[in-house]
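>>> Quick one: sequence plus predicted model below, questions after.
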Amino acid sequence: MIKRLLYLGYYYKELDKAKFSRFVDYVHRQHGISKPKIYADMIAASLKYNVSFIDYFLFRFYQNTPQVRDTYAGTGFMYEYQLQMNPKKYRDVLEDKLRFLEVYKEFVLHDYASLTQMQADKNIAERLLANMSGKVVLKGSTGQCGRGIEVRSAKDFTPDTLIARLKEMNNDYVEEFVMQHPELNNLSPSGLNTVRIFTQLDGEDNVVILGCRLRITINSAVDNLAAGNVAAPVNTETGIVEGPGVYSDITKEDIDVHPVTGVSITGFKVPYWQETIAMVKKASLLDKRNRSVGWDVAITEKGPELIEGNHNWCKLLYQLPVKKGLKLVLTSYQHKK
């Protein structure tokens with residue numbers, strides 16, 4: 001119980017209070033539950049199921065039975081699970097995006113360079129600014145959830161101003177903008193729409209695909225759920241989207257059609273699907289010390305390529321699009337390392 005109380009304190013400390021207040025008001029209005037009852041149930045659920053206060057709302061605990069609640073992998077469970085599967089001493093290859101790009105370079109098609117490299121040789125910056133997409137992406141090598149990322153026209157910069165902008169934004173590397181497959185661009189051209197594929201190594205080091213989700217941008221340069229975008233479930237065998245796009249916002253309805261382009265989300269077929277699955281399985285075996293990874297894959301006209309791998313892959317992206325808790329899938333691997 002002491003450990004759960006510590007988690008409770010952490011959940012309060014990290015709470016997005018504006019979002020929390022909005023969700024409480026929504027549940028109170030839509031479901032007629034008094035706010036004191038919501039607070040009491042939320043705290044009890046957090047202690048019993050080790051979920052954060054925001055998890056409580058996103059997993060719809062306010063309308064779920066204890067049996068359903070127990071199926072969800074919440075923040076606390078995922079922290080412990082991923083700590084076991086991807087020990088801290090081995091995570092640097094996934095935490096440091098520049099190291100990731102180097103270690104997994106056989107699966108990377110786009111050009112990139114670090115701030116240090118460009119400061120030492122401005123011809124490298126010139127090369128990146130001349131890339132075919134006409135855009136560059138400024139990033140931090142340890143950034144999370146799309147924070148701090150800038151997608152800019154290459155015409156905005158000279159080598160010197162590019163270096164200065166990186167320093168100003170506390171970013172430390174630049175990538176050429178990945179030109180996605182025309183079918184994905186037709187679905188949503190505002191940003192790169194990636195596929196997140198969750199993998200797990202079993203006790204015999206076989207690669208198990210835990211799930212696949214298409215992350216779809218909506219008037220956004222990045223495709224993270226946290227940026228207001230949607231994610232949809234993809235059939236592992238066929239690459240066909242088999243459900244609507246869902247938001248990580250309980251006040252928004254699911255969408256079957258992209259609100260800007262009018263292209264259908266449900267039924268959309270991700271190009272190069274078999275090649276994508278084969279690539280991710282191969283990448284999963286490159287460093288077996290990290291046993292459960294969320295891979296972000298871009299689909300280009302030339303085929304799939306890796307953008308990054310996540311040791312702390314998102315429980316919301318995993319469970320919300322399929323509208324069910326998947327904790328039991330994960331617990332089946334906890335003692336089979």
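Looks like it came in fine. Numbering: from 1, shown residues only.

>>> Only C-alpha atoms from now on, for both contacts and neighbour counts.
Will do.

>>> For residue 310, give the beta-bridge partners.
residue 294 (DSSP bridges).

>>> Surely it and residue 294 touch.
Yes - using Cα atoms under 8 Å, residue 310 is in contact with residue 294, at 4.8 Å.

>>> So between those two, which is more surrounded?
Neighbour totals were compared for residue 310 and residue 294, and residue 294 leads with 26 against 21 (other Cα atoms under 10 Å).

>>> Report the separation between the more buried one and residue 198.
4 Å (Cα to Cα, to the nearest Å).

>>> what about stretch 9-25, average pLDDT?
For stretch 9-25, mean pLDDT is 97.

>>> cool, and stretch 135-147?
Stretch 135-147 comes out at a mean pLDDT of 82.

>>> Then stretch 307-323?
Computed over stretch 307-323, the average pLDDT equals 97.

>>> again with stretch 287-294
97.

>>> buried ones in it?
Residues 289, 290, 291, 292, 293, 294 are the ones in stretch 287-294 that count as buried (16 or more other Cα atoms under 10 Å).

>>> again with stretch 40-51
For stretch 40-51, by 16+ other Cα under 10 Å, it's 42, 43, 45, 46, 47, 49, 50, 51.

>>> so residue 174 bridges to which residues?
Partner residues in beta bridges with residue 174, using DSSP bridges, are residue 113, residue 138.

>>> what's the burial count for it?
So residue 174, with other Cα under 10 Å, has 28 neighbours.

>>> and if you look at residue 169?
14.

>>> Can you tell me the number of residues neighbouring the closest residue to it other than its chain neighbours?
Excluding its sequence neighbours, the residue lying closest to residue 169 (Cα to Cα, 6 or more residues apart in numbering) is residue 148, at 7.3 Å. Residue 148 has 13 neighbours, counted by other Cα under 10 Å.

>>> Next: the one 5 residues further on.
Burial measure for residue 153: 14 neighbouring residues, criterion other Cα under 10 Å.

>>> so what's residue 242 up against?
Neighbouring residues of residue 242 by Cα atoms under 8 Å, 6 or more residues apart in numbering: 232, 233, 234, 235, 266, 267.

>>> need the contact list for residue 79.
Contacts of residue 79 by Cα under 8 Å, 6+ apart are residue 312.

>>> Now do the strands in the stretch 101-250 of the chain.
112-114, 135-139, 150-153, 173-176, 195-201, 207-216, 230-233 (DSSP state E, counting those that start in this stretch).

>>> among the ones you listed, which is nearest residue 261?
strand 207-216 (11.6 Å; Cα to Cα).

>>> which strands and helices sit next to the closest one?
Strand 207-216 is packed against strand 195-201, strand 230-233, helix 315-319, with contacts defined by 3 or more Cα pairs under 8 Å, 6 or more residues apart in numbering; DSSP states H and E.

>>> residue contacts, the spatially closest residue to residue 223 that is not a sequence neighbour?
Excluding its sequence neighbours, the residue lying closest to residue 223 (Cα to Cα, 6+ apart) is residue 217, at 4.8 Å. Neighbouring residues of residue 217 by Cα under 8 Å, 6+ apart: 188, 189, 190, 191, 192, 193, 223, 224, 229, 230.

>>> Name only those of the residues you listed that count as buried.
188, 189, 190, 191, 192, 193, 223, 224, 229, 230.

>>> can you put those residues in a markdown table and add pLDDT and distance to residue 173?
As requested, the buried ones among the contacts of residue 217 are exported to a markdown table (pLDDT from 0 to 100; distance: Cα to Cα, whole Å):
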| residue | pLDDT | distance to residue 173 |
| --- | --- | --- |
| 188 | 97 | 26 |
| 189 | 96 | 24 |
| 190 | 93 | 22 |
| 191 | 92 | 19 |
| 192 | 94 | 18 |
| 193 | 97 | 21 |
| 223 | 90 | 19 |
| 224 | 91 | 20 |
| 229 | 96 | 25 |
| 230 | 98 | 27 |
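
>>> which stretches of the stretch 201-337 of the chain have low pLDDT?
Filtered on pLDDT under 70, the stretch 201-337 of the chain yields the residue ranges 336-337.

>>> May I see the buried residues of stretch 40-51 organised as JSON lines, with secondary structure and pLDDT added?
As requested, the buried residues of stretch 40-51 are exported to JSON lines (DSSP: H, G, I helix; E, B strand; the rest coil; pLDDT from 0 to 100):
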{"residue": "42", "secondary structure": "helix", "pLDDT": "98"}
{"residue": "43", "secondary structure": "helix", "pLDDT": "97"}
{"residue": "45", "secondary structure": "helix", "pLDDT": "97"}
{"residue": "46", "secondary structure": "helix", "pLDDT": "97"}
{"residue": "47", "secondary structure": "helix", "pLDDT": "97"}
{"residue": "49", "secondary structure": "helix", "pLDDT": "97"}
{"residue": "50", "secondary structure": "coil", "pLDDT": "97"}
{"residue": "51", "secondary structure": "coil", "pLDDT": "98"}
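
>>> Among those, which one lies nearest to residue 169?
residue 51 (33.3 Å).

>>> what's the spacing between that closest one and residue 210?
21 Å.

>>> For residue 312, which non-adjacent residue is spatially closest?
That would be residue 82: by Cα to Cα, 6+ apart, it lies 6.3 Å from residue 312.

>>> Can you give me the neighbour number for that neighbour?
Neighbour number of residue 82 under other Cα under 10 Å is 20.
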